[in-house]
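Visitor: sequence-free structure coming up:
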């Protein structure tokens, strides 16, 4: 590793530490605002969705097969299925959609 790469790693480690430590240092008391509490409650879900949904639609050969997998996952998750059945059904739906699209081409 070069010195430059070690410097990059150190800067990123410091940045990551500050992002996690500053809120704990700056906000010492309990947050009493219901709006702020509600906002902070939904932040992890929003960030996860913002990272995951674009990846879903860019990870297959066709947007149609990605939409089929996404819809299968959403329906099963809404019905209360666990993570493994949802993931397997989404993969199966993508596979079947890609197979059907291959036949029609």
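Guide: Received it, and whenever you're ready, just let me know what you need. Everything numeric in this text was worked out from a predicted model, so none of it was measured.
Visitor: Distance of residue 33 relative to residue 10?
Guide: Here residue 33 is placed at a distance of 36 Å from residue 10 (CB to CB, to the nearest Å). Using the backbone N, CA and C atoms, a C-beta is placed for each residue, glycine as well.
Visitor: Ok, residue 76 next?
Guide: Distance of residue 76 to residue 10, computed by CB to CB: 44 Å.
Visitor: So those two - more neighbours on which side?
Guide: residue 76 (18 against 10; other CB atoms under 10 Å).
Visitor: Okay, and the more buried one sits in which element?
Guide: For residue 76, the host element (DSSP states H and E) is helix 63-78.
Visitor: what's in contact with that helix?
Guide: Helix 63-78 has contacts (CB atoms under 8 Å, 6 or more residues apart in numbering) with 53, 56-60, 85-87, 89-94, 96-98, 101.
Visitor: what separates residue 73 from residue 30, distance-wise?
Guide: Taken as CB to CB, the span from residue 73 to residue 30 is 37 Å.
Visitor: My error: substitute residue 55 in the last question.
Guide: 36 Å.
Visitor: ok, these two, which is more surrounded?
Guide: Using other CB under 10 Å, the more surrounded residue of residue 55 and residue 30 is residue 55, with 9 against 6.
Visitor: Okay, and that one sits in which element?
Guide: Going by DSSP H and E, residue 55 is part of helix 34-58.
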